[in-house]
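In: Just to be clear, the model below is a prediction. Sequence and coordinates:
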Amino acid sequence: MKTRSTSRQEIIRPAAEKSRTARFLVLFATVLAGIGVPPIRADQFSPPTPPAGGLALGSAQFHFRVSGPPGTTYVVEASSDLSAWTPVFTNTVSSAGYFDCVDSQFNNPPQRFYRAAPSTSPVSAQNLLEGFRQDRILVKPKSGVLLGDLHALVGTQVLQSYPGIGNLQVLKVPPPASISDLIAFYRHSGLVEYAEPDYQVQALQTPNDFRYGDGSLWGLHNTGLYGGTPGADISAETAWDIQNSAGNIIVAVIDTGVRSTHEDLAGNLWVNPGEIPGNGIDDDGDGYVDDVHGINAITNTGDPNDDHGHGTHVGGTIGAVGNNTVGIVGVCWKVQIMPCKFLDPTGNGFTSDAVKCIDFARSKGARIVNASWGGTSFNSQALRDAIDSLRQAGIIFVAAAGNTGDNNDLLPIYPASFDLDNIISVAATTRTDDLALFSNYGATSVDLAAPGAAIFSCWNGSDNDYRFDDGTSMAAAHVTGACALLMAHYPNDNYQQIIKRVLANVDPLPALAGKCVSGGRLDLRKALGGSAPPQPQQTSIVSVVTTDGNASEQGPDTATFTISRIGDTSSALTVNYALSGTAQNGTDYQPLGTSVTMAAGASFATVTVTPIDDTVVEGNETVVLTILQDAAYTVGSANSATITIADNDGTAPPGEPVLTLEAVDPEASESGPDNGVIRFHRTGDTSQAIQVSWTFSGTAVNGVDYQQLPTTSPFPAGLADADLTITPIDDSEVEGDETVIVTLVAGAGYSVGSPSSATVTLHDNDQGPPPPQPTVGVAATDPDASEQGPDPGTFTLSRSGSMASALTVRYSLGGSAANGIDYQTLPTSVTIPAGAASATVTVTPIDDSQVESDETVVLTLSQDAAYDVGSPNSATVTIHDNDSAPPPAPTADFTANNISGQAPLAVQFTDRSSGSITSRDWNFGDGSSHSSTPSPSHTYNNAGDYTVTLKVTGRGGFNSKNLAIHVTTPAPPPSGLTADFVAEPTSGNVPLTVRFTDKSGGAPVAAWNWDFGDGSPHNTEQNPTHIYTSPGDFTVTLTVTCTRGTTSTRSLTIHVNGSANH
């Protein structure tokens, strides 16, 4: 393979720099050739022609060409030191023998090396341009920035905007435009946090349910069939005795869709409560018509039907209906599966559609997202932000680790490798507890493994279609199902606690040592029954201070914010913040993000402000960092801090006064109203009057929230101080507290000092309507209790709405079980603590000795002025009795392959007995030894009639059955008349019609005499038919007489049973 490099930087570099680049490429070719990697050749280097009519790229882009056999897929990697290589993108060589690449993350480093290697994963060329869509890009505007003018300038159109993901936008690209040029344009505008392509990703691929019992579902219960290792499974069978259903948990399967009519999935699909099926109307106003079960992000419709199969397979492993006698069973017997389709029939999709599915799942109440897809050719900030929005909502994201057998620590695959603590990255194991050969791994980047090889699950071909499939996709589905059961069993746990329960209770395996963080394979029973992981600090407090509050353009001299936490430090914590003040992020100081992560074990992290040394005379400026609320922590009182950047571009002329600001009364209120005061202080010459200017900012509006004030005023001669009074307007609007920020503007006759701004807070006095009453519901989160143990059952009472105060919920207890007699006495109310969404009522059975069958406890919520009763308003726990009567005696039954014949007669007996059997006793009736074998054989050596008896014994007693065996003397040698005949049939139910056929020989027969053994008249026909009308064993005797008067006799037993319907 050869690569040809062209650089758009050459448009603006001087000629000398170009020759330096050419010399660098010669050295680069030599180094790569030395390590056996096809190099970029210097003779292929040439500057490109600038795009006509397009946006010129700056130095943050690098273009080159990769040549190779058509259809070959290459992973292009970049390095700055020839040791650490990072994938940049993946693409497939076209029929022309090459593809063009653009490194949009080049950023003009001193040196950058590239290499390309064949990829083990094919990439579809459909809708691709260099590994991404050619008609869309994603941009995220900076906080508070509107991009409408920018979009109009380049002709892009906003297809979708996501307020829950920082106003992330999906843009439609006009046909003539270059995606790489547009991305560079948005990045260089300074108005966006990032702009990126729309990258492609690929799919990574004891109940009575029929296929559970035959060993197909080895991942749930491995009995050792098909070369497996017994116990190499997630211990689902014993775990299901603890929890088998998660009916109140919504799991979003973001994949190829799900076949909604499949016999094992239809009953477990999520139903949108805000949508009326089939009316052709977007009832809930979410942009999708009839999104009853989920969405199709590709077609922007409410039809997530699976046209590939992968999503249906994943959904089946998570939650195929349990105990329904058909097909398979999922990890969850009952769960709400929300299909969100973004992968097409080839298993490929794009990040913009994945983001759309993630946003839908979050908005509709999903608790877990399963992502059995990914790729190594991209690192999308938009996708990371979308998953971070799930984290902030307390939603777990389970991701497949990849199927290329690579080490994710060295070659990350996304989204599994994003650094977010709500992601669980899952590798795959085999039925022998080995790491699957195809599975990716990573000592620090992959969390655990789960069964993923030869997994049997639902498929999309028909409503009863099933098949085997391999992949970390299947492993991820096992973990997703486990998380759902854990959430149902531990309803008060947050996402971090659920993940800790999973990872702290794995089965350690030698094959996984050093291959994943936990070193083990998922064990559902341990996770459900194990001790709870350490409780994270629910009151963990995050605050910020300026440990170095003064920065300067001179140097530049940096300053530092220190963000610290009080509480649990056992895991990493990401803290989100906003930046404000008079200094502009990326303009007055080096660009900063909007979050910082404290490493596990660390109690603080720092954010460094590095001023940009410009030539603008702007006076001192401020950077204000404010911590934002998040589900993972509590914001402390020190939630904001300020750094001052000193300007080095000119100082006040000698004798010129310097003005500063101070909020001498920073608190104002609509009540009164009570005014706030900002003082202007003049240092230096006060002999002259000067005209001072300032600006207003903050959340309050001049003339609307406070009395109209000017933005300029004379500063009288002789005064060192002058006050600006902020007088709130007492309106009736409920708006919360607002701020007024006054910032000095440099002007003639004075210079602006520090601090140059001051803030007054306006306190609102308008109370809104009282918060809506909470709505209370109840569910049996553990509906099965037992006297054995005793094993308790659990009701969970949950509330929606405010959780600021404790709430006492009243209820009544009914059902067939008696409170205080059949279970430990329970009160008639429970209190949900402040800050909690639910409380539990535990039903503890009393283990008595009374045989009473199963009984029920029905908890019904009572009406109360403090809350509304929602639906469901009652739930049932069943108490299983352990004092049942002894089982009935077993029923003896057997058959014999022969019941008559000549000695020696070999008879094979087959046991057909039913019930619980502890022993068997066979008496063959001929004085021989008894047998205890279930289905013995026996040979009768002597003629005679024998009664065979089988006696079976169990805990409930014994039972026996008899059968007659008729053995005749062997026929003499053929030296004379011999009577012989056959009968058809020889046994059956009343009335039994038997056809007799004469087989006598040895001499001519002159007469026949048939005695049918039931007292009926004899018959003299040669081949008669006789009907037996009563049950019993009847001996039929044929006597034949030859022409010489000699006779011969032959007998046979006919066995007649009672009527079949008796």
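Out: Alright, I've got the coordinates.
In: Test my guess that residue 195 contacts residue 186.
Out: Yes - using C-beta atoms under 8 Å, residue 195 is in contact with residue 186, at 3.8 Å. All C-beta spots, glycine's among them, are computed from the backbone N, C-alpha and C.
In: burial of residue 300, as a residue count?
Out: Here the neighbour count serves as a burial measure; for residue 300 (other C-beta atoms under 10 Å) it reads 14.
In: What does the pLDDT read for residue 375?
Out: Residue 375 carries a pLDDT score of 82 in this model.
In: one step back: so what's in contact with residue 195 and residue 186 at the same time?
Out: Shared contacts of residue 195 and residue 186, defined by C-beta atoms under 8 Å, 6 or more residues apart in numbering, are found at 137, 139.
In: what secondary structure does residue 483 sit in?
Out: Counting by DSSP: H, G, I helix; E, B strand; the rest coil, the backbone at residue 483 sits in helix.
In: Could you report the separation of it from residue 929?
Out: The span separating residue 483 from residue 929 equals 60 Å under the rule C-beta to C-beta, to the nearest Å.
In: now swap in residue 887 and tell me
Out: Distance, residue 887 to residue 929, by C-beta to C-beta: 30 Å.
In: Looking at those two, which one has more neighbours?
Out: The residue with more neighbours, out of residue 887 and residue 929 and counting by other C-beta under 10 Å, is residue 887; that gives 12 against 7.
In: How many neighbouring residues does residue 190 have?
Out: Burial of residue 190, expressed as a neighbour count using other C-beta under 10 Å, amounts to 13.
In: again but with residue 437, I slipped
Out: Neighbour count for residue 437, taken as other C-beta under 10 Å: 11.
In: which residues touch it?
Out: Residues in contact with residue 437 (C-beta under 8 Å, 6+ apart) are residue 405.
In: and if you look at residue 1043?
Out: Residues 1003-1004, 1006 are the ones in contact with residue 1043 under the rule C-beta under 8 Å, 6+ apart.
In: Residue 773 too?
Out: Listed by C-beta under 8 Å, 6+ apart, the contact partners of residue 773 are 801, 866-868.
In: any chance you could map the strands in the stretch 751-900 of the chain?
Out: With DSSP state E, counting those that start in this stretch as the criterion, the stretch 751-900 of the chain has strands at 751-752, 757-763, 775-782, 784-786, 793-800, 807-814, 829-832, 838-843, 855-861, 868-869, 874-880, 894-896, 900-902.
In: repeat for the stretch 601-750 of the chain
Out: Remark: strands assigned in the stretch 601-750 of the chain by DSSP E, counting those that start in this stretch are 604-609, 621-627, 634-635, 640-646, 658-665, 667-669, 676-683, 690-697, 712-715, 721-726, 738-745.
In: buried stuff in the first one?
Out: The one in question is strand 604-609. In terms of neighbour count (16 or more other C-beta atoms under 10 Å), strand 604-609 has its buried residues at 604-605, 607, 609.
In: any chance of those residues in CSV, plus pLDDT?
Out: Formatted as CSV, these follow (pLDDT from 0 to 100):
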residue, pLDDT
604, 88
605, 92
607, 94
609, 94
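In: Just give me the closest of the residues you listed to residue 1045.
Out: Taking C-beta to C-beta as the measure, residue 1045 sits nearest to residue 605 out of the buried residues of strand 604-609, at 122.1 Å.
In: Any idea what the closest one is bridged to?
Out: Residue 605 forms beta bridges with residue 563, as assigned by DSSP bridges.
In: Just want the most central residue of this protein.
Out: Among the residues of the chain, the smallest C-alpha distance to the mean C-alpha position (C-alpha atoms, centre = their mean) belongs to residue 370, namely 2.7 Å.
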